[in-house]
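K.L.:
Need the 3D shape of this:
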Amino acid sequence: MNTVRLTVAEALVKYLVAQKIEINGNVESLFGCSFAIFGHGNVTCLGQQLKNVEEQLPTWRGQNEQSMAMAAVAYAKANNRQRIGIAATSIGPGATNMITAAGIAHTNRLPLLMMSGDAYISRLPDPVLQQTEHFHAPSITANDAFKAVTRYWDRVVHPAQLMQTLPLAMDTLLDPADCGPVFLGLPQDVQGMAYDYPERFFEEKIHRIRRPQPESCDLDLAVSILRSAKRPLIISGGGVHYSHATSELADFVQTHNVPVIETIAGRATLLQSNPLNGGPVGATGSDSANYLAAQADVVVAIGTRLQDFTTGSWSVFRDPNLKIISINVGRTDAIKHLAMPIIADAKTTLSQLTKRLGDWRSAQEWSDIASSKAAAWKTLCQQRAHVEGREMASYAQVIGAVNRLAETGDTVLTAAGGLPAELNMNWQSKQIGKFDIEFGFSCMGYEIAGGWGAKIANPDNDVIVLVGDGSYMILNSDIYSSVLTGHKMIIVVCDNAGFAVINKLQNNTGNDSFNNLLADCRRPDGELARVDFAKHAEAQGAISEKVSDMSEFDAAFARAKAADKTSVIVIDIDPTKWSSCDCWWEVGLPEIARTKKVEQAIENFSEGRTHQRPGV
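P.N.:
Prediction:
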């Protein structure tokens, strides 16, 4: 066997560059980008190796380890999990800064490869700079903290270990069911150790994401259930995107006349112009979709983990005899609430189901109801977006304008605060995909970092980031990253002077406003200090402006479109204007009410609980 003597850092990077993936008949690099902040623990060995392959694997300089890992997550999502980003850090805080990003990837089932420096295996220099010492278990380092938010975790303690570790890491990143973040701890002394690796270990490897096939008996049972349904309904989840099953979904809907409602991750799996698209479901959805969920007697859940915002904490399904068919590559998702599971790929399953169903179609009366309810929701969205006069803007008005002005190929992206609900409730999908609401982990700070990663994945079209003032303050440094690296974004900062959506929840549960809106925080008396977001963004190199109201928004957006670098539009948002839908969502309330307001809130929430579906 021919061998080549390499250090661990050399072997690691050489292996990563050799990994390819076939996408629509084309072979591309599996790892399309890496992000790195160098320090002791990764600069002396790993850093040079990344430099040596920068033409095959470009490395971008982040400003914060958390945000660069978030950018890598967004890059993977924009590529429907087919191409992957890397984040490399030093030891200590450089590593632990990425834990939040790992949580995003883990919760949303997205691939992310993280590689961080680690303490010396020899322990001769212990304790080293930034090492967290555990006297009862000296092998524990800060990197062990990643175990709670990764699908695969390993520490490389010997050069030969790479030959076992790396294939397992690749499988985790690409497995359709267990996809998620991978963490590799790289001790500083081990990175430089040399070993005689087999040359064949570094041969080009072309990956293809597996498509598990459905069991024939499961298909037969699903067909039987559907044929007996009077009010069948499809819930389309993010797995439809990742399976590249949007065409199959549209074909199934048209052939069998079955209405569709979408989860947050499943938004834009079906065009809004499709009369059978009933809208978004759940606590941040539409009355149309929630009505259909309440009436359905058979639900086909495709590629969704049925999170509480989707199910209204399992209160949206009202038929006591409801049957659920769950198509999912993940068995733990497929069996929830005694669903009839089809543990298989969505694209393949939909094709085979439609063949077996033949000319079966659901009742026209049912699909007419779905179309009518959806039309009413669309009218409501238009009313919310309507601008009259020069009053302070609402989220819905900003979203309506962006929806109208965005061009084919543009991606819209947001994450936490009030914007995810408002975007989900009001967005009208004019194209498949190109829509990212990070609401699995609901992570403040993802927005601008995620926009940077999405832009790297979509260099020829605009990425439009919607971010609140709260998220902006948590993490904004990738405005500078985007300017530095030439990845233009359009960022719309919606300033409602605090954490207004949590203030709303605070008030809706009978509590007093406290520590959310800036006006309600502990501070000196006198004038309320406010951040000038336009100046702040300009100081990072962006083009920026503040508009007075919606009458100025279209022109500002046009200027941002025409600009050659990141442009920021700031607009004040009324913290009292919210879109809403008829859906219950469970929040923890005290068993003992100390005020009339809390007593009333408990009474209201208890009424909603009467519709909550039991585990069976």
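K.L.:
Could you export the longest helix along the chain as CSV, CA atoms only?
P.N.:
For the chain, the longest helix by residue count, based on DSSP state H, is helix 364-385. Taking Å, rounded to 0.1, in the frame of the first residue of the first chain, the C-alpha atoms of helix 364-385 are listed here in CSV:
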residue,chain,number,x,y,z
GLN,A,364,-64.1,19.4,-4.7
GLU,A,365,-66.2,20.9,-1.9
TRP,A,366,-63.2,20.5,0.5
SER,A,367,-60.7,22.0,-1.9
ASP,A,368,-63.1,24.9,-2.7
ILE,A,369,-63.2,25.6,1.1
ALA,A,370,-59.4,25.6,1.2
SER,A,371,-59.2,28.0,-1.7
SER,A,372,-61.8,30.3,-0.2
LYS,A,373,-60.1,30.4,3.2
ALA,A,374,-56.7,31.1,1.5
ALA,A,375,-58.2,33.9,-0.5
ALA,A,376,-59.5,35.5,2.6
TRP,A,377,-56.1,35.3,4.3
LYS,A,378,-54.4,36.9,1.2
THR,A,379,-56.9,39.7,1.4
LEU,A,380,-56.1,40.2,5.0
CYS,A,381,-52.4,40.3,4.3
GLN,A,382,-53.1,43.0,1.7
GLN,A,383,-55.0,45.0,4.2
ARG,A,384,-52.2,44.7,6.8
ALA,A,385,-49.7,45.9,4.2
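K.L.:
who are the neighbours of it, in terms of helices and strands?
P.N.:
strand 277-280, helix 287-295, helix 395-405, helix 419-426 (3 or more CB pairs under 8 Å, 6 or more residues apart in numbering; DSSP states H and E). C-beta coordinates here come from the backbone N, C-alpha and C atoms, glycine included.
K.L.:
Put together TSV for these, with distance to Met340, mean neighbour count and mean pLDDT on each row.
P.N.:
Formatted as TSV, these follow (distance: least, CB to CB, whole Å; neighbours: other CB atoms under 10 Å; pLDDT from 0 to 100):
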stretch	distance to Met340	mean neighbour count	mean pLDDT
strand 277-280	22	29	98
helix 287-295	18	24	98
helix 395-405	37	22	98
helix 419-426	28	26	98
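K.L.:
Between the ones you listed, which one is closest to Leu270.
P.N.:
strand 277-280 (4.7 Å; CB to CB).
K.L.:
Following the record's annotation, map out the domains of this protein.
P.N.:
Residue ranges for the domains of the chain, per automatic domain parsing: 3-207, 216-376, 387-572.
K.L.:
so which of those gets nearest Gln612?
P.N.:
Ranking the domains of the chain by their distance to Gln612 (criterion: CB to CB) puts domain 216-376 first, at 4.8 Å.
K.L.:
Give me the average confidence score over stretch 575-584.
P.N.:
Stretch 575-584 carries an average pLDDT of 94.
K.L.:
Could you give the separation of that stretch from the chain centroid?
P.N.:
In terms of CA atoms, centre = their mean, to the nearest Å, the centre of stretch 575-584 is set 22 Å apart from its chain centre.
K.L.:
what comes up buried for it?
P.N.:
Buried residues in stretch 575-584, counted by 16 or more other CB atoms under 10 Å: Pro575, Lys577, Trp578, Ser579, Cys581, Cys583, Trp584.
K.L.:
next one: stretch 42-58
P.N.:
Asn42, Val43, Cys45, Leu46, Gly47, Gln49, Leu50, Val53, Leu57, Pro58.
K.L.:
Using just helix, strand and coil, how would you label Ala87?
P.N.:
strand (DSSP: H, G, I helix; E, B strand; the rest coil).
K.L.:
now Val300
P.N.:
Taking three-state DSSP, the label given to Val300 is strand.
K.L.:
hang on, it packs against Ser236?
P.N.:
No - Val300 lies out of contact with Ser236 (CB atoms under 8 Å); the separation is 9.2 Å.
K.L.:
What's the mean pLDDT across the longest helix of the chain?
P.N.:
Helix 364-385 comes out at a mean pLDDT of 98.
K.L.:
before we move on, the earlier item: export the domains of the chain as TSV, with columns for distance to Ala593.
P.N.:
Shown next, in TSV, are those (distance: least, CB to CB, whole Å):
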stretch	distance to Ala593
domain 3-207	33
domain 216-376	21
domain 387-572	8
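K.L.:
Stretch 452-469 spans what distance, first to last residue?
P.N.:
The first and last residues of stretch 452-469 sit 18 Å apart, counting by CA to CA, to the nearest Å.
K.L.:
Distance from that stretch to the middle of the chain?
P.N.:
Computed by CA atoms, centre = their mean, the chain-centroid distance of stretch 452-469 equals 13 Å.
K.L.:
ok, and for stretch 459-470, which residues are buried?
P.N.:
Across stretch 459-470, burial judged by 16+ other CB under 10 Å covers Asp462, Val463, Ile464, Val465, Leu466, Val467, Gly468, Asp469, Gly470.
K.L.:
cool, and stretch 117-132?
P.N.:
Using 16+ other CB under 10 Å as the burial criterion, the residues of stretch 117-132 that qualify are Gly117, Asp118, Ala119, Ile121, Val128, Gln130, Gln131.
K.L.:
go on, stretch 302-319?
P.N.:
For stretch 302-319, using 16+ other CB under 10 Å, the buried residues are 302-307, 309-317, 319.
K.L.:
cool, and stretch 448-455?
P.N.:
For stretch 448-455, by 16+ other CB under 10 Å, it's Ile448, Ala449, Gly450, Gly451, Trp452, Gly453, Ala454, Lys455.
K.L.:
Identify those among the residues you listed that sit within helices.
P.N.:
Ile448, Ala449, Gly450, Gly451, Trp452, Gly453, Ala454, Lys455.
K.L.:
Was I right to think the fifth one contacts Ala71?
P.N.:
Yes - here Trp452 reaches Ala71: they are 4.7 Å apart, a contact under CB under 8 Å.
K.L.:
what residues do these two have in common as contacts?
P.N.:
By CB atoms under 8 Å, 6 or more residues apart in numbering, Trp452 and Ala71 have these common neighbours: Asp478, Ser481.
K.L.:
and the closest residue to Asp175 other than its chain neighbours, helix, strand or coil?
P.N.:
Leaving aside its chain neighbours, Asp175 sits nearest to Arg210 (7.2 Å; criterion: CB to CB, 6 or more residues apart in numbering). Here Arg210 is recorded as coil under three-state DSSP.
K.L.:
Help me confirm that Arg210 comes into contact with Asp171.
P.N.:
No - the pair Arg210 / Asp171 is not scored as a contact, 9.6 Å apart, by CB under 8 Å.
K.L.:
got the phi/psi numbers for Lys434?
P.N.:
As for Lys434, its main-chain torsions (degrees, to the nearest 10) stand at phi 60, psi 40.
K.L.:
can you tell me which residues contact the nearest residue to it once chain neighbours are set aside?
P.N.:
The spatial neighbour of Lys434 that comes closest, neighbours along the chain excluded (CB to CB, 6+ apart), is Thr411 at 4.5 Å. By CB under 8 Å, 6+ apart, the residues touching Thr411 are Ala78, Lys434, Phe435, Asp436, Ala454, Asn458, Asn461, Asp462, Val463, Ile464.
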